[in-house]
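Q: I'd like to go over a predicted model; first the sequence, then the structure.
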Amino acid sequence: MNKMGKKIAVDLYFIQMKWVAWYLPIVYAFYFAVVWFVHEPELRSMSLLTFTFQTATIFMLVCGILSSLAFLPMYVKHGVTRRSYFQGAFLSSLGLTMTIIGITAIGTWIISFINITVFSEIQLSPLGENSWLLTMSAYFLVVTIYFLVGWLVGLGFYRYGGAGGFVTILVGLLIVSLNDLLWNFNTPRPVMGLLNLNLPVPPIAIAIAGSIIIAVITTVLVHRVVKETPIKIA
Amino acid sequence: MKSKVEAKGLCVSYKDVEALSGLNFTLEDGKTYGLIGRNGAGKTSLLSLLAAYQKETSGHIKIDGESIFENEKAVAQVTFIHQTDYKDEYDTVNDFFEVAERYRPTFDRTYAEELVERFQLPTTKPLRKLSTGMQSAFNVTIGLASRTPITIFDEAYQGMDVPTRELFYQEVLEEQARNPRLFILSTHLVSEMEYLFDEVLMIHKGKLLVQEELDSLLQKGFSVTGSSGAVDDVVAGLHVLSEQQLGGTKSVMVYGELPKEKEVDVEQKGLEVGNVSLHDLFIQLTKEGNDHHE
């Protein structure tokens, strides 16, 4: 990790945190409205953390797309290498995901002390009661993978245009679908959702190892695309 | 003088199209280079290699003896100013200054603000709301105030009115005196910007046609005017770039020097020998069918 990469990581973290400052309060408000007014057992048992996690996948996917389209050209124009940009953007995404999950976990923990009926059915996550560390780690991994997929797709379109970008969408779909097979979190997974595969969910250890492998492979793919991407003159 | 930029056998291809083929040149510190060439000649491709916007296909281009692409030390030395699409840009001039200040250690905010006043740019309006000429003036401001050792302006004058362009040219001259560096000005406004150049690089169809000091380049061309037959006799065997005829009078533009033995001939026949401008040389040297190579 070089000095410039760290500087970019800090800057990108704070730029994107401005978006998080909009996104989180809206999601929280939406969560309370849903728990309060919708009498659907599945929704009422959902914790703030699980609810936020579901939307954070898409939020970070969009951050990934924007990272390639907006920040890569900006940094190269300012005399920064693609390597430093890659390091900075990657690190900032980890920080961002940790922050979203961390803040939400604290909120979820506080809610667990509020003794009113609407919150009585809440379960932390499908991973079990009081599985705080496991739930947070698992959600962190999955959200990071969504960011990486968004990043890959954004770069795919930036570097290869329509046809090549479409290929990265297919690769991205494959990645998130495979990852969801490991966890069965019901994260957004177009196409695979239609197949209705009833594969058994693997043990947690395998799921974690599998997700880490998927994340590493996706990171390598992103790095491969980014390292010689020509910057557009426009 | 030590060369700052060096290119050897530099090639760039896009799929089957070769945009640059086998360029060799060196550029020195403290000089202003005019890069001229027709549309699609490869000017922007060359500049984008220098700014690490893309990687060369073969050959090499170096700054201070080091490859440029993905080299932190080299890329930090280059500012590449080109026309930029700001139609979706909500950030203001001041926002951009902050980023430049953070990532360009040599960026001079005070000077940038001086330029903003001179160009009369609004600093709090989003860039998308500025006219094309103002956006160009903003780009130029960033380029000048970044004060990087290598500063490139690629047709940076788009949409600027004449007084604004004059202001830009004046600033380039003054900056070169105050903070000497390597400027590259790529342009189509050859006659308007000619006086800024120390040296000229002329590119045609992806090849380097000419690299020469402006003064000596201008001496390489001359025109001969007089009666048609006499002119034809004198220019026979010389590299004729163009001919114009009006009645019995003919004017011919020649590339190269007038041989000593012909000087007498010119005098005896009462022909007039004149200078040519860079503008004329550019047009003639890059005209279809004129495949002149150094």
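A: Yes, it's here.

Q: Helices of the stretch 151-294 of chain B, residue ranges please.
A: Counting by DSSP state H, counting those that start in this stretch, the stretch 151-294 of chain B has helices at residues B:162-178, B:190-193, B:214-219, B:228-235, B:260-268, B:278-285.

Q: Generate a markdown table for those, with distance to residue B:11 as supplementary columns.
A: Quick note: C-beta positions are derived from backbone N, CA and C, even for glycine. A markdown table is the format used below for the helices of the stretch 151-294 of chain B (distance: least, CB to CB, whole Å):
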| stretch | distance to residue B:11 |
| --- | --- |
| helix B:162-178 | 30 |
| helix B:190-193 | 26 |
| helix B:214-219 | 25 |
| helix B:228-235 | 37 |
| helix B:260-268 | 40 |
| helix B:278-285 | 22 |
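
Q: could the ones you listed go into JSON lines alongside mean neighbour count, distance to chain A and mean pLDDT?
A: Formatted as JSON lines, the helices of the stretch 151-294 of chain B follow (neighbours: other CB atoms under 10 Å in any protein chain shown; distance: least, CB to the nearest CB, whole Å; pLDDT from 0 to 100):
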{"stretch": "helix B:162-178", "mean neighbour count": "15", "distance to chain A": "18", "mean pLDDT": "96"}
{"stretch": "helix B:190-193", "mean neighbour count": "17", "distance to chain A": "20", "mean pLDDT": "92"}
{"stretch": "helix B:214-219", "mean neighbour count": "15", "distance to chain A": "27", "mean pLDDT": "90"}
{"stretch": "helix B:228-235", "mean neighbour count": "17", "distance to chain A": "42", "mean pLDDT": "91"}
{"stretch": "helix B:260-268", "mean neighbour count": "12", "distance to chain A": "47", "mean pLDDT": "86"}
{"stretch": "helix B:278-285", "mean neighbour count": "19", "distance to chain A": "23", "mean pLDDT": "89"}
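
Q: between these, which one is nearest to residue B:16?
A: Proximity to residue B:16 (CB to CB) singles out helix B:278-285 among the helices of the stretch 151-294 of chain B, at 26.8 Å.

Q: Contact residues of chain A facing chain B?
A: A:2, A:4, A:7, A:11, A:74-84, A:227-228, A:230-231, A:233-234 (CB under 8 Å from any CB of the partner chain).

Q: Go through these and flag which are in helices.
A: Judged by DSSP state H, the residues of chain A next to chain B include A:4, A:7, A:11, A:74-77, A:82-84 as members of helices.

Q: Tell me where the stretch 51-200 of chain B has strands.
A: With DSSP state E, counting those that start in this stretch as the criterion, the stretch 51-200 of chain B has strands at B:58-63, B:66-67, B:78-81, B:150-154, B:182-186, B:199-204.

Q: So which residues make contact with the second one?
A: Put plainly, it is strand B:66-67. Residues from elsewhere that reach strand B:66-67 (CB atoms under 8 Å, 6 or more residues apart in numbering or on different chains): B:60-61, B:73-74.

Q: if we take those residues, which one ends up nearest to chain A?
A: residue B:74 (9.0 Å; CB to the nearest CB).

Q: Make sure that closest one is actually in contact with residue B:60.
A: No - the criterion here is CB atoms under 8 Å, and residue B:74 misses it with residue B:60 at 11.8 Å.

Q: Out of the helices of the stretch 151-294 of chain B, which is closest to residue B:79?
A: helix B:162-178 (12.1 Å).

Q: got the CA coordinates for that closest one in CSV?
A: The C-alpha trace of helix B:162-178 is given here as CSV (Å, rounded to 0.1, in the frame of the first residue of the first chain):
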residue,chain,number,x,y,z
VAL,B,162,-10.5,36.5,-29.2
PRO,B,163,-9.7,38.6,-26.1
THR,B,164,-9.8,35.5,-23.8
ARG,B,165,-7.5,33.6,-26.2
GLU,B,166,-5.1,36.5,-26.2
LEU,B,167,-5.2,36.5,-22.4
PHE,B,168,-4.4,32.8,-22.4
TYR,B,169,-1.5,33.2,-24.8
GLN,B,170,-0.1,36.1,-22.7
GLU,B,171,-0.3,34.0,-19.6
VAL,B,172,1.6,31.1,-21.2
LEU,B,173,4.4,33.5,-22.2
GLU,B,174,4.5,35.1,-18.7
GLU,B,175,4.4,31.7,-16.9
GLN,B,176,7.2,30.4,-19.1
ALA,B,177,9.3,33.4,-17.9
ARG,B,178,8.2,33.1,-14.2
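
Q: bridging residues for the closest residue to residue B:32 other than its chain neighbours?
A: Nearest residue to residue B:32 in three dimensions, chain neighbours excluded: residue B:183, at 4.3 Å (CB to CB, 6 or more residues apart in numbering or on different chains). Note on residue B:183: beta-bridge partners by DSSP bridges are residue B:32, residue B:151.

Q: just to revisit the earlier point, could you dump the strands of the stretch 51-200 of chain B to a markdown table with mean pLDDT and mean neighbour count?
A: Below are the strands of the stretch 51-200 of chain B laid out as a markdown table (pLDDT from 0 to 100; neighbours: other CB atoms under 10 Å in any protein chain shown):
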| stretch | mean pLDDT | mean neighbour count |
| --- | --- | --- |
| strand B:58-63 | 96 | 18 |
| strand B:66-67 | 96 | 12 |
| strand B:78-81 | 97 | 24 |
| strand B:150-154 | 97 | 24 |
| strand B:182-186 | 97 | 24 |
| strand B:199-204 | 95 | 22 |
